[in-house]
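S.K.: Below is the sequence, then the predicted model.
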Amino acid sequence: MFLPLLTLAVFAFPQEFTIENFESGLSGWTLSGDCWRGNSAFNGSTYNSRSTTKFEGFEGNSFALTFQRSNSEIGKAVSKPFEIKWPSISFLIVGGGEKDKLIFRLIVDGKVTHVASGDGSLIFKRQSWDVSEQRGKTAHLELIDESTSSKFGFIGVDRITGGPGNVSAIFAGPELELPVRVIQILNSKGEAGFYDIPKPMSFTVVRDLVQRTNYWTLSAGIRLKLEPNNFETRKDDYLDLDCDPPKAGADLTNPNIKPTSTGIRERLAAFQKIADETPQLITIFVHRGSEWTWDSRASRWKFDVGASHGGSGRKPTSQGYYLRLVGARPGVLAHEVGHCLGLNHTFRGDHSVTPKMGSNEDVSQIIQTFLASGRGTDPSAALDGDGERGVHDTPPDPGPSYWRGLKYRSGRIPISISGRQPFDMYVSHDNIMGDNLSTKPFSNDQVRVMRETLMAWKGKR
């Protein structure tokens, strides 16, 4: 009697099929020109670790890129033929300074049917093609670089998938403005300890962060706006951290007892007091941050400087909203803005207390425990972190512990629990509220919650 309900829960979220993710290089692609290094894909992780300019938004470690040594290199990559079995093809794309010479295109039965290019930046953006009319036909993909320009004279793609289409629709309603205030906090010596920027940020850098964050928030029809007079720098050793360093003699060896984050309540109250100074603005604090994390190799808790609780806050008796960052990554800011506007993680718990689910067996056990507790009868609810906020269109998410080390963000996993037949469940971490490296826009339900929260806040100002 459970099977009909179970079928609805399991297939509520359609599966994507990976056409190419480039983690195994460019084998299978026909290459020409001088912009390639054999059949090797471009390793973005290695490049970012060595360069001051960094690619953002790619998945895994590698992607196809028409750049090895200089922007003047040109070339072409042609995929193997494949049958189109899905109504949509989605991909991440970057570069594309000269859109007529830097293109990614789909060839169906020998004819060009779809063409895309990047936006001339180092940030991968997701684009999709509607190929419903081409289903059942033979196609191949081409990545073409005919540009010798010195400015973004390259193009790259990553994670090409076929699927049911983008369930996260771009919002087409009236745009809402979200005015922000940014306060960067340095130590008393004027030094910065941010996660990804080792020096104090200028207004130009912070403004660029806000503008890049709008890539995500505009999918909800929300635009962050920062005026020059709403950016300031403060020197404060106390607020530079989230909590006090450990005291001598503290027991740090019990994995089930997280050390008390002494001082965090007092700091949160101090952040709130500052945010209340400008209740008409969302206050963004950028500081070094600190957090207790479990070091599995050393089998002890460690005091992480350069990590943060992040998150947002507003006490019922207070007026100002605020959030905290430890660096200048736009995906992280978009994630925290989501929290500020009423969203939960897509998984249960938070990054530090999520149950350790490192395997499919662990996921099955979590579901078994959830069903036995009487909290629900839907297995997917055991992995649902945002349903209580009215978000029902994001797939179940086992959480960071499950995805750590994996090269994909979505898939079907086997579930085996007592009293029911084994079944597959589609799970995904590919949402900005599940993974701040995701490039997908907010889902429709997430958009509704964010806009309702923002409009309510604007109405009370």
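M.R.: Yes, it's here.
S.K.: show me what contacts residue 302?
M.R.: With contacts defined as C-beta atoms under 8 Å, 6 or more residues apart in numbering, residue 302 is in contact with 252, 292, 293, 294, 295. C-beta here means a position set from N, CA and C on the backbone, and glycine is covered the same way.
S.K.: Show the buried residues in those residues.
M.R.: The neighbour-count test (16 or more other C-beta atoms under 10 Å) marks 252, 292, 294 as buried among those.
S.K.: Quick check: the first one touching residue 293?
M.R.: Which is residue 252. No - using C-beta atoms under 8 Å, residue 252 is not in contact with residue 293; the gap is 11.1 Å.
S.K.: Mutual contacts of these two, please.
M.R.: Common neighbours of residue 252 and residue 293 (C-beta under 8 Å, 6+ apart) are 301, 302.
S.K.: and the top helix by length along the chain, how far from the chain's centre?
M.R.: In the chain, taking DSSP state H as the definition, the longest helix is helix 444-460. Remark: helix 444-460 is offset 21 Å from the chain centroid, using C-alpha atoms, centre = their mean, to the nearest Å.
S.K.: Over to stretch 120-136?
M.R.: Distance, centroid of stretch 120-136 to centroid of chain: 18 Å (C-alpha atoms, centre = their mean).
S.K.: repeat for stretch 401-410
M.R.: On C-alpha atoms, centre = their mean, the centre of stretch 401-410 falls 13 Å from the chain's centre.
S.K.: Now do it: distance from first to last residue.
M.R.: 14 Å (C-alpha to C-alpha, to the nearest Å).
S.K.: If you count neighbours, what's buried in it?
M.R.: By neighbour count on 16+ other C-beta under 10 Å, the buried set for stretch 401-410 is 401, 402, 403, 408, 409, 410.
S.K.: Please look at the last one and residue 431 and confirm they touch.
M.R.: What it means is residue 410. No - between residue 410 and residue 431 no contact is recorded; they are 9.7 Å apart, counting by C-beta under 8 Å.
S.K.: mind listing the strands for the stretch 51-200 of the chain?
M.R.: Secondary structure of the stretch 51-200 of the chain (DSSP state E, counting those that start in this stretch): strands at 62-65, 75-78, 82-83, 88-95, 102-108, 111-116, 121-130, 138-145, 155-163, 176-186.
S.K.: ok, back up a step: other SSEs contacting the longest helix of the chain?
M.R.: The helices and strands touching helix 444-460, judged by 3 or more C-beta pairs under 8 Å, 6 or more residues apart in numbering; DSSP states H and E, are strand 176-186, strand 222-235.
S.K.: most packed of the ones you listed?
M.R.: Across the helices and strands packed on helix 444-460, the average number of neighbours (mean count of other C-beta atoms under 10 Å) peaks for strand 176-186, which reaches a mean of 20.
S.K.: Neighbouring strands of that one in the sheet, and parallel or not?
M.R.: Strands that pair with strand 176-186, judged by DSSP bridges, come out as strand 222-235 (parallel), strand 282-286 (parallel).
S.K.: mind listing what residue 376 touches?
M.R.: Applying C-beta under 8 Å, 6+ apart, the residues contacting residue 376 are 370, 382.
S.K.: go on, residue 118?
M.R.: 93, 94, 95, 96, 97, 102, 125, 152, 155, 156.
S.K.: Please report the distance of it from residue 62.
M.R.: Separation of residue 118 from residue 62 (C-beta to C-beta, to the nearest Å): 17 Å.
S.K.: Hmm, residue 201 is touching residue 183, no?
M.R.: No - using C-beta under 8 Å as the test, residue 201 is too far from residue 183 to be in contact (11.1 Å).
S.K.: Overlap of the contact sets of those two?
M.R.: Jointly contacting residue 201 and residue 183 under the rule C-beta under 8 Å, 6+ apart are residue 286.
S.K.: May I have the phi/psi pair for residue 221?
M.R.: Dihedral pair for residue 221: phi 70, psi 30, per degrees, to the nearest 10.
S.K.: what about residue 374, which SS state?
M.R.: coil (DSSP: H, G, I helix; E, B strand; the rest coil).
S.K.: quick one, phi psi at it?
M.R.: Per degrees, to the nearest 10, the backbone of residue 374 is at phi 80, psi 10.
S.K.: how far away is it from residue 382?
M.R.: Separation of residue 374 from residue 382 (C-beta to C-beta): 12 Å.
S.K.: Would you mind confirming that residue 433 is in contact with residue 345?
M.R.: Yes - with contact defined as C-beta under 8 Å, residue 433 and residue 345 form a contacting pair (5.7 Å).
S.K.: Common neighbours of the two, please.
M.R.: Shared contacts of residue 433 and residue 345, counting by C-beta under 8 Å, 6+ apart, come down to residue 386.
S.K.: hmm, back to that, between the helices and strands packed on helix 444-460, which gets nearest to residue 242?
M.R.: Using C-beta to C-beta as the measure, strand 176-186 is the one of those that comes nearest residue 242, at 11.1 Å.
S.K.: chain center to the closest one, what's the gap?
M.R.: That offset, for strand 176-186, works out to 20 Å (C-alpha atoms, centre = their mean).
S.K.: Then stretch 177-195?
M.R.: Worked out by C-alpha atoms, centre = their mean, stretch 177-195 lies 22 Å from the chain centre.
S.K.: And the average pLDDT for that stretch is what?
M.R.: The pLDDT scores in stretch 177-195 average 90.
S.K.: roughly how far apart are residue 142 and residue 79?
M.R.: Distance of residue 142 to residue 79, computed by C-beta to C-beta: 7 Å.
S.K.: Of the two, which one has the most company?
M.R.: residue 79 (20 against 17; other C-beta atoms under 10 Å).
S.K.: Tell me if I'm right that that one and residue 157 touch.
M.R.: No - with contact defined as C-beta under 8 Å, residue 79 does not count as touching residue 157 (10.3 Å).
S.K.: Chain neighbours aside, what residue packs nearest to residue 56?
M.R.: residue 123 (4.7 Å; C-beta to C-beta, 6 or more residues apart in numbering).
S.K.: in stretch 377-393, what counts as buried?
M.R.: 378, 379, 380, 381, 382, 383, 384, 385, 386, 387, 391, 393.
S.K.: Of these, which is the nearest to residue 163?
M.R.: residue 393 (14.8 Å).
S.K.: Assumed residue 322 was part of a strand.
M.R.: Yes - counting by three-state DSSP, one finds residue 322 located in a strand.
S.K.: hmm, back to that, hey, least reliable of the strands of the stretch 51-200 of the chain by pLDDT?
M.R.: Of all the strands of the stretch 51-200 of the chain, the minimum mean pLDDT falls on strand 121-130 (a mean of 84).
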